[in-house]
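Participant: Would you be able to build a 3D model of this:
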Amino acid sequence: MISHQSSYRDPESLQLYHQKSWGELFSAWGTGLLRLLPPEVAHDIGLEILKHQLLPAWLQPPPPRTEVGLRVKVPGIGTLKNPIGLAAGFDKNAVAPKGFRQLGFSMIEVGTVTPRAQSGNPKPRLFRYPEQKALINRMGFNNDGASRVAARLKLLRWNHDEVPIGVNCGKNKDTPNQKAVADYLQVVETFGDLARYFVINISSPNTPGLRELATPEFVQVLGTELGAGFLPKVWIKIDPDLNKKDFQNLIAAIADVGYQGVILSNTHRVHFPEAGGQSGHPLTAASNTCLEWAYGVHKGHLPVIAAGGILSGIDVVNKIARGASAVQLYTALVYQGPWAVTRILLETAAELKMKGYSSLEEAKFSYYS
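Facilitator: Presented below is the predicted three-dimensional model:
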């Protein structure tokens with residue numbers, strides 16, 4: 001259903017919204033039909049539609065808003081036409097980057113990719129909670145393996161200057177933690193220049209022992225092995241469940257080693273009503289707290305990409321105000337469908353105008369002033 005949220009305060013934006021609303025309405029119906037299917041089945045069907053670019057013209061969102069005020073600069077990645085990227089986990093195997101580009105995403109993160117292919121955890125492993133605008137997943141890094149995914153990206157001959165692609169890197173489930181560095185290095189080296197940036201995933205709750213790697217000692221060792229050639233391209237993704245002291249010590253170590261930045265945050269570990277990682281609206285406050293804790297350490301000197309509970313333009317502006325350079329969506333796409341980026345950008349522009357900002361760059365760090 002179309003949601004007329006309070007961020008539609010700008011008459012010009014409201015008029016534009018209504019001009020486009022029929023396409024969004026039909027798109028919402030289609031998304032609702034997919035949600036009648038089991039979550040992972042619906043996800044796979046959606047990926048196939050995007051992979052083959054089968055979305056009918058009358059359901060496709062219009063080109064996303066590209067005014068100067070919505071452009072953002074992400075160090076190490078580039079100047080993006082809008083602040084909204086695709087989070088890791090949606091296109092694990094890089095099968096549909098062209099489809100996601102068509103939906104308006106300004107950057108795309110594929111993966112998580114491990115050195116060797118693995119099937120992930122037993123099904124069912126993805127659960128919807130629409131009343132909470134939330135998901136729980138325990139996928140377990142199911143993917144085709146680094147070599148196959150890299151070969152797929154190579155065939156695309158991708159233009160990273162238009163829409164950068166990053167690779168989220170993980171370790172195989174059967175790799176002991178003391179050998180995890182080698183797994184991460186293998187993934188990064190397999191992709192090389194095929195990716196604009198890399199993300200080290202030490203924060204998923206669905207691989208036993210993985211979060212034990214979220215220590216200053218591990219990021220220091222990994223940074224040494226990555227070396228100066230790769231460090232400017234590497235980000236670390238952190239979970240929201242660390243206590244403040246450990247979290248801030250980790251942020252300090254990441255900055256000291258020289259990583260490009262951090263992604264805040266991964267999913268919240270839950271055990272009820274299903275075990276796994278929770279995303280969507282319940283994660284909003286925790287991910288905001290992560291941004292605030294991180295700022296308390298880096299004071300604006302460590303680039304941050306925000307993820308977690310971003311479902312509206314208000315959420316985007318709140319993340320930018322807390323120091324994010326850009327944001328990433330996952331759950332919003334599940335519940336809002338192919339018009340998610342268009343809709344949220346429209347809300348973002350209206351929210352900026354309502355708050356008196358001429359651009360997202362102007363709003364950055366405003367939470368602390």
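
Participant: Lys237 versus the residue nearest to the spatial centre of the chain, what's the distance?
Facilitator: Central residue of the chain (Cα atoms, centre = their mean): Ala87, 2.1 Å from the mean position. As judged by Cβ to Cβ, to the nearest Å, Ala87 and Lys237 stand 10 Å apart. Bear in mind the C-beta positions are built from the backbone N, C-alpha and C, glycine included.

Participant: tell me, what's touching the two both at once?
Facilitator: With contacts defined as Cβ atoms under 8 Å, 6 or more residues apart in numbering, the residues shared by Ala87 and Lys237 are Ala307.

Participant: Extract the residue ranges of the stretch 1-150 of the chain that are flagged as low pLDDT.
Facilitator: The model of the stretch 1-150 of the chain has pLDDT under 70 over residues 1-35, 58-59, 64-66.

Participant: Tell me which residues are up against whichever strand in the chain runs longest.
Facilitator: As assigned by DSSP state E, the longest strand anywhere in the chain is strand 107-113. Residues from elsewhere that reach strand 107-113 (Cβ under 8 Å, 6+ apart): 74, 77, 80, 85-89, 91-94, 97, 100-101, 141, 143-146, 149, 153, 163-170, 187, 191, 196, 199, 201, 204, 326, 328.

Participant: again, but for stretch 269-279
Facilitator: By Cβ under 8 Å, 6+ apart, stretch 269-279 touches 125, 127, 129, 134-138, 204-206, 239, 241, 266-268, 308-309, 330-331.

Participant: Pop out the phi and psi values for Ile136.
Facilitator: phi -130, psi 130 (degrees, to the nearest 10).

Participant: That one pairs with what?
Facilitator: Phe127, Gln278 (DSSP bridges).

Participant: So it sits against Tyr129, correct?
Facilitator: Yes - in terms of Cβ atoms under 8 Å, Ile136 counts as a neighbour of Tyr129; the distance is 7.0 Å.

Participant: So which of those two has more stuff around it?
Facilitator: Legend: neighbour count by other Cβ atoms under 10 Å for Ile136 and Tyr129, higher for Ile136 (25 against 16).

Participant: mind listing what that one touches?
Facilitator: Counting by Cβ under 8 Å, 6+ apart, Ile136 has contacts 126-127, 129, 270, 273-279.

Participant: Kindly supply the PyMOL command isolating those of those that are buried.
Facilitator: Of these, the buried ones can be selected in PyMOL as follows, counting by 16 or more other Cβ atoms under 10 Å:
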select buried, resi 126+127+129+270+276+277+278+279
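
Participant: May I see the buried residues of the helix or strand hosting Gln220?
Facilitator: For Gln220, the element it lies in under DSSP states H and E is helix 216-230. Residues 216, 218-219, 222-223, 226, 230 are the ones in helix 216-230 that count as buried (16+ other Cβ under 10 Å).

Participant: picking up where we left off before, which among the contacts of stretch 269-279 count as buried?
Facilitator: 125, 127, 129, 134-138, 204-206, 239, 241, 266-268, 308-309, 330-331.

Participant: Cross those against strands and list the overlap.
Facilitator: 127, 129, 134-137, 268.

Participant: Can you classify Gly76 by secondary structure?
Facilitator: coil (DSSP: H, G, I helix; E, B strand; the rest coil).

Participant: ok, now how distant is the nearest residue to it once chain neighbours are set aside from Pro83?
Facilitator: Take Gly76 and drop its neighbours on the chain: the residue closest to it by Cβ to Cβ, 6 or more residues apart in numbering is Gln260, 4.1 Å away. Computed with Cβ to Cβ, the distance linking Gln260 and Pro83 is 17 Å.

Participant: of those two, who's got more company?
Facilitator: Pro83 (28 against 22).

Participant: contacting residues for the more buried one?
Facilitator: 70, 72, 106, 316, 320, 325-327, 348, 360.

Participant: one more time with 10 Å
Facilitator: With contact taken as Cβ atoms under 10 Å, 6 or more residues apart in numbering, Pro83 is in contact with 70-72, 74, 106-107, 305-306, 310, 316-317, 319-320, 324-328, 344-345, 348, 360-361.

Participant: Which of these fall in strands?
Facilitator: 72, 74, 107, 305-306, 326-328.

Participant: Tell me the one among these nearest to Ile45.
Facilitator: Gln328 (22.4 Å; Cβ to Cβ).

Participant: And the closest residue to that closest one other than its chain neighbours, how far from Ala306?
Facilitator: Nearest residue to Gln328 in three dimensions, chain neighbours excluded: Ala87, at 3.8 Å (Cβ to Cβ, 6+ apart). Between Ala87 and Ala306 the computed distance is 10 Å (Cβ to Cβ).

Participant: for Arg211, same thing?
Facilitator: 20 Å.

Participant: same check, this time on Val74
Facilitator: From Val74 over to Ala306 the distance is 11 Å, taken as Cβ to Cβ.

Participant: Ala195 now?
Facilitator: Relative to Ala306, and taking Cβ to Cβ, Ala195 is found at 20 Å.

Participant: how far away is the residue lying closest to Ala324 once chain neighbours are set aside from Glu292?
Facilitator: Leaving aside its sequence neighbours, Ala324 sits nearest to Ala306 (Cβ to Cβ, 6+ apart; 3.6 Å). Distance of Ala306 to Glu292, computed by Cβ to Cβ: 11 Å.

Participant: what's the answer for Val317, then?
Facilitator: 15 Å.

Participant: Also Gly261?
Facilitator: 16 Å.
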